[in-house]
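1. What would the 3D arrangement of this be:
(one chain, ligands or ions: 1)
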Amino acid sequence: MSEPLFEVEDLHVALPDPNNTKLFGPTPMIGILHGVNLRIEEGTVVGVVGESGSGKSTLGRTLVRLIEPVRGTIRFSGNDITHTDERLLRPLRRDLQVIFQDPLSALNPRLTIGTIIGRPLMLHRLAAGRKDARRQAEAALEMVGLPTAFASRYPHELSGGQRQRVGIARAIATRPRFVLADEIVSGLDVSSQAQILALLDRLRNELGLTIVFISHDLSVVRRLCDRVVVLRRGEVLENRPTGPLFDHPEHPYTAELKAAIPLPEVDEGWLDAAR
Ligand SMILES: Nc1ncnc2c1ncn2[C@@H]1O[C@H](COP(=O)(O)OP(=O)(O)OP(=O)(O)O)[C@@H](O)[C@H]1O
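-> Sure thing, here's the model as predicted:
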């Protein structure tokens, strides 16, 4: 078997308990992930599903090391990044990008789109200067189907779907190997959702991206993802290829999730239609 892009063993994550704040002494922590094991093969799209509060976002954020685990191991491309400090993580950050749920709050309202996309390129020294960063930002805008003139605009001048395209452009501009997409279509209308998902599918093929796709919408996960990880209360219940998982859920909880969100009957080819 080839080396996975991510290999996660016995991952335990705890976060500060918001209901138990103390002024003195150690911050009380609450366990969120309990012994998660996961392999993510390069070039695959892995869906993470589970009810609200099951730990989906926490898992995604821990993979890209926005959160440091308390126990376990995270290997990225064979390197142990479990406790790597931020300074040493910096070169890796270009490879680990995130697209957030709410593009309006994720994009700095005072910066132009060109600067928003170009800044990480300057930061990672992937651009030879401001002009080159601008040129690369425009190329990224083209890749996500937006006019290059948008580089001079500000986030509030764009629609929700366009802003999410900018979020994607920023994420892919550094040519990352991995993208975390956390509920990236949940704030959008149905037609913008389909377009964004088709875009993600195209970019995944064109750029060979590996994606962790977190979503409440199982019908979307079923169509976009190669594998699905089912989380419940911070534990992985199932982790299997998409088709078999939906056709024959092994765990009653997966069957419940499937039943709770009825799948539309005829919409095969929606990705093509949205392109
Ligand atoms: N910064 C934080 N500090 C403390 N607890 C947190 C923090 N973020 C999340 N939690 C708690 O961790 C648990 C898991 O949250 P997480 O956001 O990972 O779940 P989720 O499955 O992504 O949920 P949702 O689908 O609602 O986004 C929840 O109980 C949540 O209240």
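
2. So which residues of the stretch 51-200 of the chain form strands?
-> Using DSSP state E, counting those that start in this stretch, the strands of the stretch 51-200 of the chain run over 71-76, 79-80, 96-99, 178-182.

3. Tabulate these (TSV), appending mean neighbour count and distance to Leu126.
-> Using the backbone N, CA and C atoms, a C-beta is placed for each residue, glycine as well. Below are the strands of the stretch 51-200 of the chain laid out as TSV (neighbours: other Cβ atoms under 10 Å; distance: least, Cβ to Cβ, whole Å):
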stretch	mean neighbour count	distance to Leu126
strand 71-76	18	19
strand 79-80	10	20
strand 96-99	22	12
strand 178-182	24	16
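
4. The ligand: which of the ones you listed is closest?
-> Ranking these by proximity to the ligand (Cβ to the nearest ligand atom) places strand 178-182 first, at 7.6 Å.

5. now for that closest one, which elements pack on it?
-> helix 56-63, strand 96-99, strand 210-214 (3 or more Cβ pairs under 8 Å, 6 or more residues apart in numbering; DSSP states H and E).

6. That strand near the ligand anywhere?
-> No - using Cβ under 6 Å from any ligand atom, strand 178-182 stays clear of the ligand, coming no nearer than 7.6 Å.

7. Can you lay out the helices and strands packed on strand 178-182 as TSV showing mean pLDDT and distance to Gly161?
-> Below are the helices and strands packed on strand 178-182 laid out as TSV (pLDDT from 0 to 100; distance: least, Cβ to Cβ, whole Å):
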stretch	mean pLDDT	distance to Gly161
helix 56-63	97	22
strand 96-99	95	13
strand 210-214	97	17
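
8. Those: which one's closest to the ligand?
-> helix 56-63 (3.3 Å).

9. Can you classify Val4 by secondary structure?
-> Small correction: residue 4 is Pro, not Val. Secondary structure of Pro4, reduced to three states by DSSP: H, G, I helix; E, B strand; the rest coil: coil.

10. returning to what we had before: any chance of the helices and strands packed on strand 178-182 in JSON lines, with distance to the ligand too?
-> Listed next are these as JSON lines, based on distance: least, Cβ to the nearest ligand atom, whole Å:
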{"stretch": "helix 56-63", "distance to the ligand": "3"}
{"stretch": "strand 96-99", "distance to the ligand": "14"}
{"stretch": "strand 210-214", "distance to the ligand": "7"}
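
11. got the ones you listed as CSV, with distance to Leu180 columns?
-> Output for those, formatted as CSV (distance: least, Cβ to Cβ, whole Å):
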stretch, distance to Leu180
helix 56-63, 5
strand 96-99, 5
strand 210-214, 5
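
12. Mind checking those for the one nearest to Leu15?
-> Evaluated with Cβ to Cβ, the helices and strands packed on strand 178-182 place helix 56-63 nearest to Leu15, the distance being 7.1 Å.

13. Tell me the gap between the closest one and the middle of its chain.
-> Relative to the centre of its chain, helix 56-63 is centred 9 Å away, using Cα atoms, centre = their mean, to the nearest Å.

14. That one versus strand 178-182: what angle between them?
-> Inter-element angle recorded for helix 56-63 and strand 178-182: 160 degrees (by axes from the mean of the first three to the mean of the last three Cα atoms, to 10 degrees).

15. Counting by contacts, list what helix 56-63 packs against.
-> For helix 56-63, the packing partners by 3+ Cβ pairs under 8 Å, 6+ apart are strand 6-16, strand 29-40, strand 45-49, strand 178-182, strand 210-214.
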